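Engineer: Got a sequence here, can you model it:
(one chain, ligands or ions: 2)
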Amino acid sequence: MTQGGQAKPGRRSVLGAAVLGAGGVTLGLPGTAGAAAGKGHGSYRDLPVPTVVAHRGASGYRPEHTIGSYQLALDMGAHVIEQDLVPTKDGHLVCRHENDITGTTDVAAHPEFASRKTTKSVDGVSLTGWFTEDFTLAELKTLRAKERIPGTRQENTLYDGRWTIPTFEEVLRWAEHEGRARGRRIWLHVETKHPTYFRGLGLGLEEPLADLLRKYGRHKKNAPNFLQSFEPSSMRRMAELVAAPRVVLLDAADTRPWDFVQAGDRRTVADLVKPEGLKWIAGFAQGIGPWLDLIIPKDAAGKLGRPTTLVRDAHAQGLVVHPYTMRNENTFLPADFRRGTDPAAYGDAFGALKLYFEQGIDGIFSDNPDTALLAAADFARHR
Ligand code: G3P
Ligand code: CA
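Structural biologist: Ligands and ions are numbered 1, 2, ... in the order given. This next block holds a predicted model:
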């Protein structure tokens, strides 16, 4: 629902802000026949199902969007590793969940950047902090990444300061290196963040992203990467630039994508999840990435209710369904899967994953790829 012509700040903007509160072993994977985990040149249809997408890397165990987080996810056996992209002042694409780097870097401890602290409106939300578009890449590289939610993930703070903010090109080189070492392609799931906002600043994301995908041979239909955005126009633009598969992300039902707000398109997510909306999406994308509550809504107590028909309706349009986000901690789980009273303790993540997998989803974004992989293996064994 819009309020005063602006999109209501979505649930994801809350989870994306600082409010949120074993590597080395390849696990047994569930699979389909064909190119498991992208071996050879199969398409996204050949990935194991349910596909485990490491959300911001193995962000349950390492500061998100660092090479350390991506490496651990890959070592755990995640099928796909996620990146969120924002630009620098000089047009480089870097991996951060949002352009506000206050909560995920040590920028506040750099006196030379104190004057860059500012307040701006991003997609209709007022934010105060430091923003990637106000820094050159060279300046950003002087910062170190840190854990976003130290109150919930204290153990991850052990790794604060260990890694810099990676550029997307560094990730592509890392994936190339890891792919050669493992004899298979490394799948990525790449999100354009705030694309309309950045285009308005003269920092369009899609063209430099397409250039990099072409440079690293990841632009074709069977390329080992999904592209994703909450703004459908970004995926339509990508469809004109490259052939790699595209996923439209869907926030809460009463929200409007920011590009719709800017273009005066009155449709909300509630419209997009109807068969007509899904048919429209299928005209330029291969999948949807819905908030989990669009698949099984919660009641007032936070318990899971009756599933919607979204998975079936999306499949009827030929769309794969990659919902977000599963996390092991009680605070992020449906109320019926929490265990004990400590919000940071793990709840019954296996039980929740099983229930979501039973809805027929094709993949899942998870901060804990090892947990999701075990649940996917259990599910594949018993279905
Ligand atoms: O892109 C899938 C999922 O990551 C969407 O949520 O806000 O974590 O980017 P967010
Ligand atoms: Ca994302």
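
Engineer: so, in contact with ligand 1 or not, the biggest strand by length in the chain?
Structural biologist: Under DSSP state E, the strand in the chain containing the largest number of residues is strand 80-87. Yes: counting by Cβ under 6 Å from any ligand atom, contacts between strand 80-87 and ligand 1 involve residue 84. Any C-beta I mention is one placed from the backbone N, CA and C, and that applies to glycine too.

Engineer: Within the helices and strands, which one has the residue of the chain found nearest ligand 2?
Structural biologist: Checking the chain residue by residue against ligand 2 with Cβ to the ion singles out residue 191 as nearest, at 4.1 Å. Residue 191 belongs to strand 187-192 when elements are defined using DSSP states H and E.

Engineer: count of neighbours near the residue of the stretch 101-250 of the chain found nearest ligand 1?
Structural biologist: As assessed by Cβ to the nearest ligand atom, ligand 1 sits closest to residue 191 within the stretch 101-250 of the chain, at 4.7 Å. By the measure other Cβ atoms under 10 Å, the count of residues near residue 191 is 23.

Engineer: what angle separates the strand holding residue 191 from strand 80-87?
Structural biologist: Computed with axes from the mean of the first three to the mean of the last three Cα atoms, to 10 degrees, the direction of strand 187-192 lies at 30 degrees from that of strand 80-87.

Engineer: in its sheet, what does strand 187-192 sit against?
Structural biologist: When pairs are called by DSSP bridges, strand 187-192 turns out to pair with strand 80-87 (parallel), strand 225-229 (parallel).

Engineer: Identify the residues contacting that strand?
Structural biologist: Strand 187-192 has contacts (Cβ atoms under 8 Å, 6 or more residues apart in numbering) with 37-38, 47, 53, 79-85, 168, 171, 175, 205-206, 209, 218, 224-229, 231, 234, 238, 247, 249, 322, 365.

Engineer: List the buried residues for the very next helix or strand once past it?
Structural biologist: Moving toward the C-terminus from strand 187-192, the next helix or strand (DSSP H and E) is helix 195-200. For helix 195-200, a neighbour-count test (16 or more other Cβ atoms under 10 Å) marks 195, 196, 197, 198, 199 as buried.

Engineer: which SSE is residue 372 in?
Structural biologist: Residue 372 belongs to helix 369-382 when elements are defined using DSSP H and E.

Engineer: Which secondary structure elements does that helix sit against?
Structural biologist: The contact analysis (3 or more Cβ pairs under 8 Å, 6 or more residues apart in numbering; DSSP states H and E) places helix 369-382 against strand 51-54, helix 67-76, helix 349-357, strand 363-366.

Engineer: okay, how far is it across stretch 175-189, tip to tip?
Structural biologist: With Cα to Cα, to the nearest Å as the measure, the ends of stretch 175-189 fall 12 Å from one another.

Engineer: avg pLDDT for it?
Structural biologist: In this model, stretch 175-189 has an average pLDDT of 98.

Engineer: Can you list the buried residues in that stretch?
Structural biologist: Of the residues in stretch 175-189, those scored as buried under the neighbour-count criterion (16+ other Cβ under 10 Å) are 175, 178, 179, 184, 185, 186, 187, 188, 189.

Engineer: part of a helix, is the third one?
Structural biologist: The one in question is residue 179. Yes: counting by DSSP: H, G, I helix; E, B strand; the rest coil, residue 179 is located in a helix.

Engineer: Apart from its neighbours in sequence, what residue is nearest it?
Structural biologist: Leaving aside its chain neighbours, residue 179 sits nearest to residue 186 (4.7 Å; criterion: Cβ to Cβ, 6 or more residues apart in numbering).

Engineer: Tell me the first helix or strand C-terminal of the longest strand of the chain.
Structural biologist: On the C-terminal side of strand 80-87, the nearest following helix or strand under DSSP H and E is strand 93-95.

Engineer: Going by contacts, tell me the helices and strands next to that next one.
Structural biologist: Contacts of strand 93-95 with other secondary structure elements, assessed using 3+ Cβ pairs under 8 Å, 6+ apart, are made with strand 80-87, helix 168-182, helix 206-215.

Engineer: and if we set it to 10 Å?
Structural biologist: Counting by 3 or more Cβ pairs under 10 Å, 6 or more residues apart in numbering; DSSP states H and E, the packing neighbours recorded for strand 93-95 are helix 67-76, strand 80-87, helix 137-140, helix 168-182, strand 187-192, helix 206-215.

Engineer: Could you pull out the buried residues of the last one?
Structural biologist: Think helix 206-215. When neighbours are counted by 16+ other Cβ under 10 Å, the buried residues of helix 206-215 are found to be 206, 208, 209, 210, 212, 213.

Engineer: pLDDT score for the closest residue to the last one other than its chain neighbours?
Structural biologist: By that I understand residue 213. On the basis of Cβ to Cβ, 6+ apart, the spatially nearest residue to residue 213 that is not a chain neighbour turns out to be residue 219, at 4.3 Å. Confidence per residue is given as pLDDT, and for residue 219 that number is 98.

Engineer: Do I have it right that residue 219 meets residue 243?
Structural biologist: Yes: counting by Cβ atoms under 10 Å, residue 243 is a contact partner of residue 219 at 6.6 Å.

Engineer: Remind me which helix or strand the residue nearest to residue 267 when sequence neighbours are not counted belongs to.
Structural biologist: Once its chain neighbours are removed from consideration, residue 267 has its nearest residue in residue 260; the separation is 6.0 Å (Cβ to Cβ, 6+ apart). For residue 260, the enclosing helix or strand under DSSP H and E is helix 258-263.

Engineer: Name the residues of whichever helix or strand comes after that helix that are buried.
Structural biologist: Note on helix 258-263: by DSSP H and E, the next helix or strand toward the C-terminus is helix 269-272. Of the residues in helix 269-272, those buried under the neighbour-count criterion (16+ other Cβ under 10 Å) are 269, 270, 272.
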